[in-house]
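Novice: Curious how this folds, go ahead:
(one chain, ligands or ions: 1)
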Amino acid sequence: MAIRSIRTIGDPILTKRSKEVTKITSRTKILISDMLDTMYDVGGMGLSACQVGVLKRIFVVDNLEEQALILINPRIIAQSGEITDNEGCLSVPGKHGTVTRPAYVKVMAYDEEMKPFEIEATQMLARAMCHEIDHLDGRIYVDLVEGELHDNYDLAEDDPY
Ligand code: NI
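Specialist: Model (predicted):
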């Protein structure tokens with residue numbers, strides 16, 4: 001188990017586009033395992049590789065099931081509707097803001113064996129998927145916030161992604 005430190009806003013790595021994964025190596029497996037440990041350690045809902053300083057198109061999401069989701073080279077292939085709700089980010093500590101995201105997304109990605117799969121997501125999970133895919137493209141949610149960023153007072157909702 002290894003916890004990696006999380007890069008925060010202002011770090012230029014968070015504004016760079018992450019590269020496609022072409023091969024799963026032992027380093028990739030250690031990275032994914034560390035990303036899961038790091039996400040659980042801080043109680044986040046999602047974490048992208050760039051947030052621990054690695055520019056690879058990988059993110060993990062805790063969908064509150066036994067196994068967290070691991071998505072490699074993810075791509076949104078369908079989306080519909082929209083939901084406006086609060087959003088936060090592990091890389092923007094202590095803040096949240098209002099962002100409109102699709103209500104539904106279908107995402108195509110690869111698993112740890114580089115086998116392709118599709119996953120459908122709605123509501124919070126759809127929001128998390130979009131938020132993490134933005135990270136892989138070097139975008140942080142603060143640029144999408146409607147109105148002002150707010151300080152978190154409710155620690156239970158601290159920095160979910
Ligand atoms: Ni984030």
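
Novice: buried set for the helix or strand I77 falls within?
Specialist: For I77, the host element (DSSP states H and E) is strand 69-80. By neighbour count on 16 or more other CB atoms under 10 Å, the buried set for strand 69-80 is L69, I70, L71, I72, N73, P74, I76, Q79. Every residue, glycine included, has its C-beta placed from N, CA and C.

Novice: all helices of the chain, in order?
Specialist: Taking DSSP state H to define them, one finds helices in the chain at 26-42, 123-136.

Novice: How many neighbouring residues does the residue of the chain found nearest the ion have?
Specialist: Closest residue of the chain to the ion, CB to the ion: C89 (3.2 Å). By the criterion of other CB atoms under 10 Å, C89 has 28 neighbours.

Novice: Grab the nearest non-local neighbour of the most centrally placed residue in the chain.
Specialist: With distances taken as CA atoms, centre = their mean, E132 lies nearest the centre of the chain, 2.9 Å away. In space, and not counting its chain neighbours, E132 is closest to F59: 3.8 Å by CB to CB, 6 or more residues apart in numbering.

Novice: What residues are bridge-paired with the one you found?
Specialist: With DSSP bridges as the criterion, F59 is bridged to S48, L71.

Novice: can you tell me how far it sits from Y153?
Specialist: From F59 across to Y153, the span is 28 Å (CB to CB, to the nearest Å).
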